[in-house]
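Trainee: Predicted coordinates and the sequence they were generated for:
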Amino acid sequence: MSNITNKNDLSTVFYQEIDAIMKRYKIIGCQAVSVYKEQVIWSDSFGDRDFEKKLSVSENTMFRIASISKLFTVTAIMQLFERQQLTLDTDISDYLGFEVRNPKHPNSIITLKQLLTHTSSLTSDEESNSIYAKFIKDGQSSPSVSLKELLVPGGKYYTTQIWGDWQPGTSSNWVYSNIGAIICGAIIEQVSGIRFDSFIQQNIFKRLGMENVAFSYAGMKKVHEYGNLYELDENTKKYMVTIQDANETKFNKDSFKNYIPGTHGGLFEPQGGLRTSAFELSKFLRALMNGVYNGTSLLKEETLNEMKSVHWMREDENHFFSKMGLGFHISHDFLSDYNEMIGHAGEAYGLISNLYWNEEKKFGIIFILNGASFSLLNNSRFDVEKELAKVIFEQTIKQYID
């Protein structure tokens, strides 16, 4: 089966539907890919990567993809798990070199499994006033900033607001937390002895042949093509640039040469800082979905199966997160006819990104929007996501699995 890359291979109706969605939700730019088994069966790009200069999005445009980045972080954790360099049930304090406790439950340990399933009792970013974002920004300016200052009482960034009232590991009090991914980044560095971005480069990017991809400015080359992110101002109804990558001048500059791995954890933004394209992500999706990509396996089959299994579940499904594997979101509402799609979504600075696959039928969908007008359906998924996923599935994938 050959790749479908020519617009003429698909119906005019399909592209009319895509165009209608672009206009309805005022989408600035879009990349989309559909996968069946081992192959990309369709990929295309639409709109602008730089709205002001009218620079078009291409297959190679790299965007900051937000929380899909966490899939790479959890894959790295599980690679170290397979090498028996860490366990999921050990107190994370043992890896970090200092004690981490919820002050409301000082006798309860925090584990990696809790971080991967968001059951550690760390709170959402809104509840902690996004203190983690300031911690990252300050660390990127001064790599001597330590993770202890965020997690240990008395630290410059410490606040009890980062902790919930419930005991760590309590599944009924589930809260999504970006700080957990930052801690995972620090543990990857502590255990491996190298920087997070270097570990991901060596153990994931290089092995899969992912080239248009970077977790740090040091890995971003001027020869690459980058896209801005835009957020719609609801008052003026105009778009504002939130991430201005298209005009960056600091690429390929390593500001962290003196950084000691494991001391910060968030410099390379393991919670959401990956820059790449939907097409490059398709290599990673196929490696996770099939267990192998181009003859290369990132993890053993039994490890992947454990990650894809349900480790946390909410009784009420009327939420975006109702099931979690080990770092994998198990979505019930990405596609209406498939109540278990595995992967992750991202939403930050106006961007929306999705990477999901179906284990049984072996198909996947990826798309990245660098700016759109969006709203929630039933406190769950953005309506633009559901509409785009539906039309991509029906027009490019359904014919292969019926």
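Mentor: That came through, no problem.
Trainee: Please count neighbours and contacts with C-alpha atoms only from this point.
Mentor: Fine.
Trainee: What separation is there between the residue nearest to the spatial centre of the chain and residue 88?
Mentor: Residue closest to the average C-alpha location in the chain (CA atoms, centre = their mean): residue 68, at 1.5 Å. Using CA to CA, to the nearest Å, we find residue 68 at a distance of 21 Å from residue 88.
Trainee: Would you confirm that residue 230 belongs to a strand?
Mentor: Yes: under DSSP: H, G, I helix; E, B strand; the rest coil, residue 230 sits within a strand.
Trainee: Tell me the spacing between it and residue 238.
Mentor: 10 Å.
Trainee: More neighbours: those two, which one.
Mentor: residue 230 (27 against 10; other CA atoms under 10 Å).
Trainee: isn't the more buried one right up against residue 373?
Mentor: No: using CA atoms under 8 Å, residue 230 makes no contact with residue 373, being 10.2 Å away.
Trainee: give me the low-pLDDT residue ranges for this protein?
Mentor: 1-10, 125-129, 218, 222-223, 247-253, 316-318, 376-379 (pLDDT under 70).
Trainee: biggest strand in it by residues?
Mentor: Assignment by DSSP state E gives strand 39-50 as the longest strand of the chain.
Trainee: what sits up against that one?
Mentor: 2-5, 27-35, 54-59, 61, 226-229, 246, 279, 282, 370, 396-397 (CA atoms under 8 Å, 6 or more residues apart in numbering).
Trainee: Could I get the contacting residues of residue 204?
Mentor: Applying CA under 8 Å, 6+ apart, one finds that residue 204 lies in contact with 72, 76, 298.
Trainee: those helices in the chain, which residues are they?
Mentor: 12-24, 69-82, 93-96, 112-117, 131-141, 148-151, 179-192, 196-200, 206-208, 278-290, 301-308, 383-392, 398-401 (DSSP state H).
Trainee: want to try JSON lines for those, with distance to residue 161 as columns?
Mentor: Shown next, in JSON lines, are these (distance: least, CA to CA, whole Å):
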{"stretch": "helix 12-24", "distance to residue 161": "39"}
{"stretch": "helix 69-82", "distance to residue 161": "23"}
{"stretch": "helix 93-96", "distance to residue 161": "20"}
{"stretch": "helix 112-117", "distance to residue 161": "17"}
{"stretch": "helix 131-141", "distance to residue 161": "9"}
{"stretch": "helix 148-151", "distance to residue 161": "11"}
{"stretch": "helix 179-192", "distance to residue 161": "12"}
{"stretch": "helix 196-200", "distance to residue 161": "27"}
{"stretch": "helix 206-208", "distance to residue 161": "39"}
{"stretch": "helix 278-290", "distance to residue 161": "35"}
{"stretch": "helix 301-308", "distance to residue 161": "30"}
{"stretch": "helix 383-392", "distance to residue 161": "31"}
{"stretch": "helix 398-401", "distance to residue 161": "46"}
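Trainee: Among those helices, which comes closest to residue 324?
Mentor: With CA to CA as the measure, helix 112-117 is the member of these nearest residue 324 (6.1 Å).
Trainee: tell me, how many neighbours does the residue nearest to residue 288 when sequence neighbours are not counted end up with?
Mentor: Excluding its sequence neighbours, the residue lying closest to residue 288 (CA to CA, 6 or more residues apart in numbering) is residue 304, at 7.2 Å. Counted with other CA under 10 Å, the neighbours of residue 304 add up to 18.
Trainee: Show me how far the longest strand of the chain is from its chain's centre.
Mentor: When distances are taken as CA atoms, centre = their mean, to the nearest Å, strand 39-50 is centred 19 Å away from the chain's centroid.
Trainee: Stretch 42-58 now?
Mentor: Distance, stretch centre to chain centre, for stretch 42-58: 21 Å (CA atoms, centre = their mean).
Trainee: With stretch 33-41 instead?
Mentor: With CA atoms, centre = their mean, you get 20 Å for stretch 33-41.
Trainee: list the buried ones in it?
Mentor: 33-36, 38-41 (16 or more other CA atoms under 10 Å).
Trainee: so which of these comes closest to residue 289?
Mentor: Closest approach to residue 289 among the buried residues of stretch 33-41 (CA to CA): residue 38, at 9.2 Å.
Trainee: Give the burial count for the residue nearest to that closest one when sequence neighbours are not counted, as a bare number.
Mentor: Nearest residue to residue 38, sequence neighbours excluded (CA to CA, 6+ apart): residue 286, at 6.4 Å. When neighbours are counted by other CA under 10 Å, residue 286 registers 24.
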